[in-house]
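Asker: Just need the structure, nothing else, for what follows:
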Amino acid sequence: MSKFLNDKAGPVDANAMSSIPRVSRAHLPVDIDQGLIHHYTSRLCSLLLSRHAHPDYQRLFLQSSILPKLQLMVEPLLACASLDLSRQFPAYRPLALAYYAQAVTRTRNAIVQKNVQGTEDWLLFNVLHLNLFETWNSGATNEAADEPVMGGSEATTTAATTTTPAVLHIQGAAQILKLKLQTQGSPSSVHNTTSDMVVARIAAEAFVYHTVNWSVFHGNPIPTTTMPAAELWNGLQPYLDLCPFPNATEAESSPVLGVPWQLYRYLSDLALFFHQQQGMGSMDSTNGMHEILSLRDALEAWVMQHEAGQAQTPRSPLSPYRQRTRLFVLALRLLLLKLLHPAIATCDARVQDLVEEATQLIGGNDGGADVVLERTDFWPLLVVGSAVVDRAQVAVVRATLQTMAQTMHSVAFVKTRRALETIWARGEADCGRGGCDGLTMLLGGNGVPGLMQTAVAAGDMHVR
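Answerer: Numbering: from 1, shown residues only. Okay, the predicted model is just below:
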């Protein structure tokens with residue numbers, strides 16, 4: 001094992017040592033712990049990809065992007081592998097922090113000393129892995145702190161989240177993508193092989209995932225001076241539409257998101273609008289409503305087009321994918337309904353019709369195959385869970401979150417669980433008195449910020 005771990009972390013659990021298999025040193029520097037690399041390639045890589053993605057995504061990603069550039073990427077990979085192991089074996093945590101610090105220093109020096117062009121795929125994946133480390137580490141810190149989800153003003157929220165390492169990593173990834181878009185043009189001109197397309201689509205979807213999930217609680221992390229949102233999405237679209245495997249289904253073609261990427265764009269637009277308007281209380285009644293109506297119309301037009309395109313596809317192999325897509329659409333419709341009608345109550349029939357269908361999907365009781373939720377599909381549960389009024393529905397959402405918690409450690413996931421538990425606890429306390437409305441607690445109203453604005457995790461400002 002690493003000298004750092006043996007010298008600094010104290011006694012190492014024998015199970016931690018024996019649980020990590022050894023691999024060939026063919027691609028490894030002599031001073032690297034082979035077991036950590038094996039842990040990344042055999043466990044973490046599969047966790048980071050959709051369970052329904054084409055199996056060759058992982059194989060080609062490792063063969064064409066990770067192993068050939070291992071000397072350049074090793075610290076971020078080892079940092080993430082060590083941090084994942086530290087949840088079961090705490091002795092790995094100091095090692096994870098050490099690898100992370102080395103990765104940040106090495107990446108910064110490569111950029112400052114101009115040893116990179118700034119468009120390298122390995123550089124982009126390094127930054128994305130550094131962001132992944134931050135979201136996991138913040139999530140673990142927030143879980144351990146066990147602080148209440150509500151705390152601090154909106155101004156505190158903004159100050160706390162615009163200078164954190166995670167958001168700086170997202171902004172760095174955006175800078176790399178911007179430079180790639182400016183210098184490489186259309187992906188078809190530079191991604192001629194299946195391996196090239198695999199790497200490009202994984203990078204694009206991973207960037208979308210991290211950026212949009214951050215935006216749910218904090219708004220767009222990328223300054224418009226770096227790249228306006230519309231310009232970013234327009235630049236990403238050709239990469240998100242790449243099809244490395246011509247015979248793959250739509251579900252198999254998505255390596256990270258596990259649903260059509262357009263749904264993440266609608267969520268991004270809604271989150272950006274919500275945070276720009278500083279919640280429900282100060283929404284401009286004219287311009288705001290026009291923008292929300294435009295988003296609603298765009299979503300419904302996309303749904304009609306997508307469903308028409310799926311009509312000729314056999315149901316069975318795409319059933320989980322289709323049902324996840326429906327769940328995302330229902331969550332977006334709930335957000336739109338509340339934004340269009342701020343005074344609408346959670347118990348309103350229009351809300352509950354959407355909630356009932358969504359909870360049936362979550363629980364696998366819609367008459368079809370059970371939904372195979374991805375471990376990353378937690379933001380729809382945040383929206384749907386905030387609107388449930390029946391204890392049985394609460395139990396369905398809570399059980400699903402508990403299952404996800406076995407492998408999902410990001411700070412956004414921790415915030416989601418805490419926000420929902422806060423809403424459900426308040427609902428139990430106010431049961432029958434009409435004093436609690438879950439969607440209003442989530443989004444805010446009557447001048448009071450909602451949990452999507454005030455849920456600042458202790459992990460966002462953790463000290464290394």
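Asker: Quick check: closest non-adjacent residue to Gln352.
Answerer: Spatial nearest neighbour of Gln352, excluding adjacent residues (CB to CB, 6 or more residues apart in numbering): Val389 at 7.1 Å. For glycine as for every other residue, the C-beta is placed from the backbone atoms N, C-alpha and C.
Asker: which stretches of the protein have low pLDDT?
Answerer: Low-confidence segments of the chain (pLDDT under 70): 1-32, 139-163, 185-191, 278-287, 310-319, 365-372, 428-436, 445-449, 453-464.
Asker: Please parse it into its domains.
Answerer: Domains of the chain are assigned by automatic domain parsing as 1-116, 117-309+317-461.
Asker: which of those is buried the deepest?
Answerer: domain 117-309+317-461 (a mean of 19; mean count of other CB atoms under 10 Å).
Asker: Can you give the distance of that one from its chain's centre?
Answerer: From the chain centre to the centre of domain 117-309+317-461 is a distance of 7 Å (CA atoms, centre = their mean, to the nearest Å).
Asker: Can you show me the helices along the stretch 201-350 of the chain?
Answerer: Taking DSSP state H, counting those that start in this stretch as the criterion, the stretch 201-350 of the chain contains helices spanning 229-240, 250-253, 261-276, 287-310, 315-340, 349-363.
Asker: Take the helix or strand containing Ile170, keep the C-alpha atoms, and write them as CSV.
Answerer: If you go by DSSP states H and E, Ile170 is part of helix 165-184. C-alpha atoms of helix 165-184 as CSV (Å, rounded to 0.1, in the frame of the first residue of the first chain):
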residue,chain,number,x,y,z
PRO,A,165,-13.9,24.2,-5.0
ALA,A,166,-16.7,22.2,-6.7
VAL,A,167,-18.1,25.2,-8.5
LEU,A,168,-14.6,26.3,-9.5
HIS,A,169,-14.0,22.8,-11.0
ILE,A,170,-17.3,23.1,-13.0
GLN,A,171,-16.2,26.5,-14.3
GLY,A,172,-12.8,25.1,-15.2
ALA,A,173,-14.5,22.3,-17.2
ALA,A,174,-16.7,24.9,-18.9
GLN,A,175,-13.6,26.8,-19.9
ILE,A,176,-12.0,23.6,-21.4
LEU,A,177,-15.3,22.8,-23.3
LYS,A,178,-15.5,26.4,-24.6
LEU,A,179,-12.0,26.2,-26.0
LYS,A,180,-12.7,22.8,-27.5
LEU,A,181,-15.8,24.1,-29.2
GLN,A,182,-13.9,27.1,-30.5
THR,A,183,-11.0,25.2,-31.9
GLN,A,184,-12.4,21.9,-32.9
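Asker: Report the angle between it and helix 229-240.
Answerer: 70 degrees (axes from the mean of the first three to the mean of the last three CA atoms, to 10 degrees).
Asker: so what secondary structure elements neighbour helix 165-184?
Answerer: Packing partners of helix 165-184 (3 or more CB pairs under 8 Å, 6 or more residues apart in numbering; DSSP states H and E): helix 121-145, helix 194-218, helix 229-240.
Asker: try it again with 10 Å
Answerer: helix 93-112, helix 121-145, helix 194-218, helix 229-240 (3 or more CB pairs under 10 Å, 6 or more residues apart in numbering; DSSP states H and E).
Asker: Export the ones you listed as CSV, with columns for distance to Leu83.
Answerer: Converted to CSV, the helices and strands packed on helix 165-184 look like this (distance: least, CB to CB, whole Å):
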stretch, distance to Leu83
helix 93-112, 4
helix 121-145, 6
helix 194-218, 16
helix 229-240, 28
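Asker: nearest to Ala345, of those helices?
Answerer: helix 194-218 (22.9 Å; CB to CB).
Asker: coming back round to it: between the helices and strands packed on helix 165-184, which one is closest to Gln360.
Answerer: Among the helices and strands packed on helix 165-184, helix 194-218 comes nearest to Gln360, with 23.7 Å by CB to CB.
Asker: before we move on, back to that, could you measure from the residue nearest to Gln352 over to Gly444?
Answerer: Distance, Val389 to Gly444, using CB to CB, to the nearest Å: 19 Å.
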